[in-house]
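**Student:** I would like the atomic coordinates for the input below:
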Amino acid sequence: MTQGQRESFYLMYINICNALIYSDDLFSDTTLNPAARSSVRIIRDRLAWLKKEMDMKVHQDISKTIDTLRYDNILRLICNLPENYQDRFEDAVVKFLKEIEKEIS
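**Tutor:** Down below sits the predicted model:
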């Protein structure tokens, strides 16, 4: 697996884990409309299946060390920034990554 493929699977795994946490939370909310709860249950079951499959086949060695809530918290903070700050943050990250690539090369 290439580095890019590994990173894509890693990010997909993190997002599945976070979505599973949110779907569990929604499903446990008894004030949610029964039809919506039923839909959330289906989504939650599929997410659980995806996570299990990725645990068994792709990320056996690293899935136990991933702190998905850490990444989720970072994403939440970024999403709550005003739009002009989001653009500045993205520019700073791109610049930072280019500097790291130069150092590694």
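**Student:** can you list the weak-confidence ranges in this structure?
**Tutor:** The model of the chain has pLDDT under 70 over residues 58-69.
**Student:** what residues go with each domain of it?
**Tutor:** 1-66, 68-105 (automatic domain parsing).
**Student:** out of those domains, which one sits most buried?
**Tutor:** Of all the domains of the chain, domain 1-66 has the most neighbours on average by mean count of other CB atoms under 10 Å, namely a mean of 13. C-beta: built from backbone N, CA, C; applies to glycine.
**Student:** which element is the residue lying closest to Cys79 once chain neighbours are set aside on?
**Tutor:** Of all residues not flanking Cys79 in the chain, Gln86 sits nearest, at 7.9 Å (CB to CB, 6 or more residues apart in numbering). For Gln86, the host element (DSSP states H and E) is helix 83-104.
**Student:** alpha carbons only: can I get that helix in CSV?
**Tutor:** Output of helix 83-104 as CSV, limited to C-alpha atoms (Å, rounded to 0.1, in the frame of the first residue of the first chain):
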residue,chain,number,x,y,z
GLU,A,83,-14.7,31.7,7.1
ASN,A,84,-11.9,34.2,6.7
TYR,A,85,-10.0,32.4,9.5
GLN,A,86,-10.6,29.0,7.9
ASP,A,87,-9.0,30.3,4.7
ARG,A,88,-6.0,31.6,6.7
PHE,A,89,-5.7,28.3,8.7
GLU,A,90,-5.8,26.3,5.4
ASP,A,91,-3.0,28.5,4.0
ALA,A,92,-0.9,28.1,7.1
VAL,A,93,-1.4,24.3,7.0
VAL,A,94,-0.4,24.1,3.3
LYS,A,95,2.7,26.3,4.0
PHE,A,96,3.6,24.1,7.0
LEU,A,97,3.3,20.9,5.1
LYS,A,98,5.5,22.3,2.3
GLU,A,99,8.2,23.2,4.8
ILE,A,100,8.0,19.6,6.2
GLU,A,101,8.3,18.1,2.7
LYS,A,102,11.4,20.2,2.1
GLU,A,103,13.0,19.0,5.4
ILE,A,104,12.2,15.4,4.6
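**Student:** and the contacts of that helix?
**Tutor:** Ile78, Cys79, Leu81 (CB atoms under 8 Å, 6 or more residues apart in numbering).
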